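Novice: A structural model of the following input is requested.
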Amino acid sequence: MASLDFEQERRHFLAYYDNNRQLFEEAKNACISIIATLLRQSQIGEVTKIEGRIKNKDECIKKFHRKYQSKLEAEEQPYRIQDYISDLIGIRIICLYEDQIAQVSDVLQQHFRIIDVTDKISAVESTEDSFGYKGLHMDLALSDDLSVQEKYQPFAELPIEVQIRSLIQDAWSVLDHKIKYKKSIPNDLRRRINVLSALFELADREFKEIRNATAELLEKATVEPVDDVDEATTEAVSSSGKLVNAFSFLRVAGHFFRDFEFEDYKVDGFVQDILKLNRCFEKADLNQSLVENLKTVREYQAEFLAADPERNFSPYTAIRHCLYLHDPISFQRIISRTAREHFERWLNAEEEFD
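Specialist: Next up, the predicted model:
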């Protein structure tokens, strides 16, 4: 029963905490699992981290003492400490980009019962001379649909605090918590901290803009596939005089290997391998190497795999062989010595057969 006796309520809270510690862990893990599943099923994109913690019991008591005790006792309002600790179970979601925060929030609002929302992003941005970490804090409880499930019923009424931040905001929050004596800090130091905070905010925006610009380039590379190429088309592409890059590689290679998903980091590395061997290699050269040689390479691939079906001959391998046929001097090292010798023997045998 609630009272105004702090020592009594402190003891009650410690007993409540110790008796339910395992339940708190189960609630935390269940909510992490639910949220991870919901975000995977959404169209939000990559979320870098979902993690949780149970607040230390001494920290809970300190927070109550700092934020609530004086006011409640002044108003002679009986209390139970656990009723005022909404972040006893905490979950943190780290997004790659700031604009994903609202999207994550929308998903949570559709599947959880919302108790309270604290928008630290708007709070910081609306005050010119303040500094601090940004993010969205939501106090949640399980929805009615989840609460009726037997496995969730023991902790259906427990509040869960969810913090949603971008990767940059999370980095700043770590540094922000290391800054001591914020309320008394001299103006010159306050100004320097504000500048640093602004740089983090700028980084958040720039990462988002880079993502958007990259997506636009990728869309141009994939939405407008290369048409079946004849000599006239090859000459027209060549006149552009553009070195091959990841985006033009995807456009050309994607035309010839329509059912293969080229992963971004592999494309980046592969293109750099090409340019190390021939720094003047253009997208038209890539296109020409595939137009002129892919039929031959696919014939070789068929015999290669027929001899040993367990071996691999990926589109990257096929392109390497096409590049070698296109320019054996520049691309001598694009395939290994053993693979090159095997390929040459096959080519010689084909010439003798013809």
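
Novice: When you work out contacts or count neighbours from here on, use the C-alpha atoms and nothing else.
Specialist: Fine.

Novice: and the helix or strand where Ile32 lies, what other elements does it pack with?
Specialist: Ile32 is part of helix 6-41, with elements assigned from DSSP states H and E. Secondary-structure packing of helix 6-41 (3 or more Cα pairs under 8 Å, 6 or more residues apart in numbering; DSSP states H and E): strand 47-54, helix 57-64, strand 89-95, helix 100-111.

Novice: can you pull the buried residues of it?
Specialist: Going by neighbour count (16 or more other Cα atoms under 10 Å), the buried part of helix 6-41 is 6, 9-10, 12-14, 17, 24, 26-29, 31-32, 35-36, 39.

Novice: now the angle from that helix to helix 57-64?
Specialist: Going by axes from the mean of the first three to the mean of the last three Cα atoms, to 10 degrees, helix 6-41 is angled at 100 degrees with respect to helix 57-64.

Novice: Let me know the angle separating helix 6-41 from strand 89-95.
Specialist: Using the same axes, to 10 degrees: helix 6-41 against strand 89-95 is 30 degrees.

Novice: can you give me how far helix 6-41 is from the chain middle?
Specialist: Counting by Cα atoms, centre = their mean, to the nearest Å, helix 6-41 is centred 27 Å from the centre of its parent chain.

Novice: That helix vs strand 47-54, what angle?
Specialist: Between helix 6-41 and strand 47-54, the angle comes out at 160 degrees (the same axes, to 10 degrees).

Novice: average pLDDT for helix 6-41?
Specialist: Helix 6-41 carries an average pLDDT of 95.

Novice: Please apply the same query to stretch 86-97.
Specialist: Stretch 86-97 comes out at a mean pLDDT of 95.

Novice: got a list of contacts for it?
Specialist: Residues outside stretch 86-97 that contact it (Cα atoms under 8 Å, 6 or more residues apart in numbering) are 24, 27-28, 32, 46-56, 60, 101, 139, 159-167, 170, 204, 207-208.

Novice: So among these, which ones count as buried?
Specialist: So, by 16+ other Cα under 10 Å, the buried ones in the contacts of stretch 86-97 are 24, 27-28, 32, 47, 50, 52, 60, 101, 139, 159-167, 170, 204, 208.

Novice: next SSE after the least confident helix or strand in the chain by mean pLDDT?
Specialist: Here the helix or strand of the chain ranked lowest by mean pLDDT, DSSP states H and E is helix 231-238, holding a mean of 41. Going down the chain from helix 231-238, the next helix or strand is helix 246-256, by DSSP H and E.

Novice: which secondary structure elements does whichever helix or strand Arg190 is part of contact?
Specialist: Using DSSP H and E, the element containing Arg190 is helix 187-223. Under the contact criterion of 3+ Cα pairs under 8 Å, 6+ apart, helix 187-223 touches helix 167-176, helix 246-256.

Novice: Now that helix: average pLDDT?
Specialist: Helix 187-223 shows a mean pLDDT of 84.

Novice: centre of the chain versus stretch 87-102, how much separation?
Specialist: Put simply, stretch 87-102 sits 12 Å off its chain's centre (Cα atoms, centre = their mean).

Novice: list the buried ones in it?
Specialist: Neighbour counts over stretch 87-102 (16+ other Cα under 10 Å) mark 87-98, 100-101 as buried.

Novice: Next, format the residues you listed as JSON lines and append distance to His177.
Specialist: Converted to JSON lines, those look like this (distance: Cα to Cα, whole Å):
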{"residue": "Asp87", "distance to His177": "17"}
{"residue": "Leu88", "distance to His177": "19"}
{"residue": "Ile89", "distance to His177": "20"}
{"residue": "Gly90", "distance to His177": "17"}
{"residue": "Ile91", "distance to His177": "18"}
{"residue": "Arg92", "distance to His177": "16"}
{"residue": "Ile93", "distance to His177": "18"}
{"residue": "Ile94", "distance to His177": "17"}
{"residue": "Cys95", "distance to His177": "20"}
{"residue": "Leu96", "distance to His177": "21"}
{"residue": "Tyr97", "distance to His177": "21"}
{"residue": "Glu98", "distance to His177": "20"}
{"residue": "Gln100", "distance to His177": "24"}
{"residue": "Ile101", "distance to His177": "21"}
